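Attaching a predicted model along with its sequence, questions to come.
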Amino acid sequence: MFWKRKSKLAVAARDSFAIPEGQRVYAIGDIHGRDDLFAEMVDLIRADNAARTPGRVTIILLGDLVDRGPESAAVVERAMSLRNEFPDTRLLIGNHEECFLAALGGDVRRLRYFMRIGGEATIRSYWKDEASLGSASFEDVAERLPHLVPADHVRFLGEGEDFIEIGDYVFVHAGIRPGVPLEKQSLADLRWIRDEFLDSLSDHGRMVVHGHSITNEPDEQVNRIGIDIGAFRSGSLAALGLEGDKRWFIFARAEQTECAA
């Protein structure tokens with residue numbers, strides 16, 4: 001089931017948040033192997049950007065490109081190629097990328113954990129031979145998988161960032177630990193934190209844009225904006241657009257598309 005946390009009565013430290021003049025940012029939530037939605041989102045962003053005044057465009061992928069959905073390999077390939085059109089495309093490492101990269105080291109225990117959290121779908125997208133995968137042992141998969149994932153995919157995912165700061169916004173995969181300076185945040189919190197961040201009323205100094213925690217719709221609070229709307233099972237993918245002190249949402253949907261300004 002999807003869930004939606006109740007809004008809390010927190011006091012904002014400022015009335016508005018902004019990014020530098022002349023820049024436009026599109027942050028895309030957790031894709032989780034839904035290349036169909038990712039392709040549609042790129043088309044929508046392309047159209048949205050063309051309809052606005054010229055500006056320097058940054059696209060931020062909030063992490064969790066892989067797992068759960070059926071086309072993780074295609075999602076990674078599309079993310080890499082996106083830089084051909086939008087050179088300032090940036091990737092945050094999510095907890096699922098972390099586990100995927102760990103599983104490529106040949107450790108069977110890490111592979112088992114990766115598969116438990118949705119990694120089997122990722123493995124299938126690279127393996128492509130259902131018959132041989134169905135008869136393979138964990139040891140077989142641990143040995144063969146590193147040879148099936150292209151080196152440029154591994155490099156792209158491994159070079160992802162842990163957080164991105166632009167103007168009054170900070171972009172992270174999961175969130176931040178309240179009260180801890182950004183430069184001292186642990187990777188575990190940036191990639192995995194949930195309740196301590198989601199339940200916090202703290203002023204973080206910046207507006208935090210994140211994925212990782214699924215809600216039915218974008219979760220706008222006074223100190224954070226969550227845009228993981230469960231693409232792999234909802235059939236909907238969300239992106240946040242930012243320019244100056246304005247922000248808007250774009251939605252790619254399996255059956256129809258919608259853009260809300």
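It's in.

And the closest residue to residue 217 other than its chain neighbours, which helix or strand is it part of?
Once flanking residues are discounted, residue 217 sits nearest to residue 229: 6.3 Å by CB to CB, 6 or more residues apart in numbering. The way it works is simple: take the backbone N, C-alpha and C, and place the C-beta from them, glycine included. Using DSSP states H and E, residue 229 is not contained in any helix or strand.

which residues does residue 229 contact?
Residues near residue 229 by CB atoms under 8 Å, 6 or more residues apart in numbering: 2, 29, 214, 215, 216, 217, 218, 236, 237, 238.

one more time with 7 Å
29, 214, 215, 216, 217, 218, 236, 238 (CB atoms under 7 Å, 6 or more residues apart in numbering).

what about the helix or strand hosting residue 59, distance to the chain center?
Assigned by DSSP H and E, residue 59 belongs to strand 56-61. Relative to its parent chain, strand 56-61 has a centroid offset of 13 Å by CA atoms, centre = their mean, to the nearest Å.

Packing partners of it?
Packing contacts for strand 56-61, counted by 3 or more CB pairs under 7 Å, 6 or more residues apart in numbering; DSSP states H and E, involve strand 23-28, strand 89-91.

Show me the strands in the stretch 101-250 of the chain, by range?
164-166, 169-171, 207-210, 219-220, 224-226, 236-243, 246-253 (DSSP state E, counting those that start in this stretch).

Any idea how far stretch 240-254 is from the middle of the chain?
With CA atoms, centre = their mean, you get 15 Å for stretch 240-254.

Give the buried residues for that stretch.
Neighbour-count burial for stretch 240-254, counted by 16 or more other CB atoms under 10 Å, picks out 240, 241, 242, 243, 247, 249, 250, 251, 252, 253.

So which residues make contact with it?
16-19, 21, 24-27, 36-37, 40-41, 44-45, 48, 55, 169, 209, 218, 225, 227, 235-239, 257-261.

Now, of those, which are buried?
Buried among the contacts of stretch 240-254 by 16+ other CB under 10 Å: 17-19, 24-27, 36-37, 40-41, 44-45, 48, 169, 209, 218, 225, 227, 235-239, 257, 259.
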